[in-house]
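1. can't give you the sequence, but here's the structure:
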């Protein structure tokens, strides 16, 4: 089975890092622990990436913010898997340098509901 390498921001288990997962719908569901995904294109620190996110993340009680913009405003909630932008509809693995770039923008985020903090993606814009 083919795999894809990217950065997983796992707010549920409060960890973030570079992972390689099966390149399939089931692999994406398992990685971000959901049953309905959305793929959105955003910039992270000025570079464009595709982000696979939980499409139903806002439907849960007290969702965890997983990405904020440069003003500290929430952009995405729930677990995220970051990869290269698609070419002809095909998601692609990140290079080691791209993984390092994304990880540079993962910081501890603190909210009223999670005062001890958890990894959160920063500098995420349209």
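-> Noted; the coordinates are in hand. Since the model is a prediction, treat every value here as computed from it, not as a measurement.
2. Check what contacts stretch 56-68 and list those residues.
-> If you take C-beta atoms under 8 Å, 6 or more residues apart in numbering as the criterion, stretch 56-68 is touched by 9, 11-12, 34-36, 42, 51, 53, 74-80, 109, 111, 113-114, 118, 120-122, 124. Every C-beta, even on glycine, is put in place using the N, C-alpha and C of the backbone.
3. Pull out the buried members of those.
-> Using 16 or more other C-beta atoms under 10 Å as the burial test, the contacts of stretch 56-68 include 9, 11, 34, 42, 51, 53, 74-80, 109, 118, 120-122, 124 as buried.
4. in the strand or helix carrying residue 43, what counts as buried?
-> Taking DSSP states H and E as the criterion, residue 43 maps to strand 37-44. Neighbour counts over strand 37-44 (16+ other C-beta under 10 Å) mark 37, 39, 40, 42, 44 as buried.
5. For the residue nearest the centre of the chain, which residues are in contact?
-> Centrality entry for the chain: nearest residue to the mean C-alpha point is residue 80, 2.4 Å, by C-alpha atoms, centre = their mean. Residue 80 is in contact with 8, 9, 32, 51, 52, 53, 66, 67, 121, counting by C-beta under 8 Å, 6+ apart.
6. Would you quantify the distance from it to residue 1?
-> Distance of residue 80 to residue 1, given as C-beta to C-beta, to the nearest Å: 22 Å.
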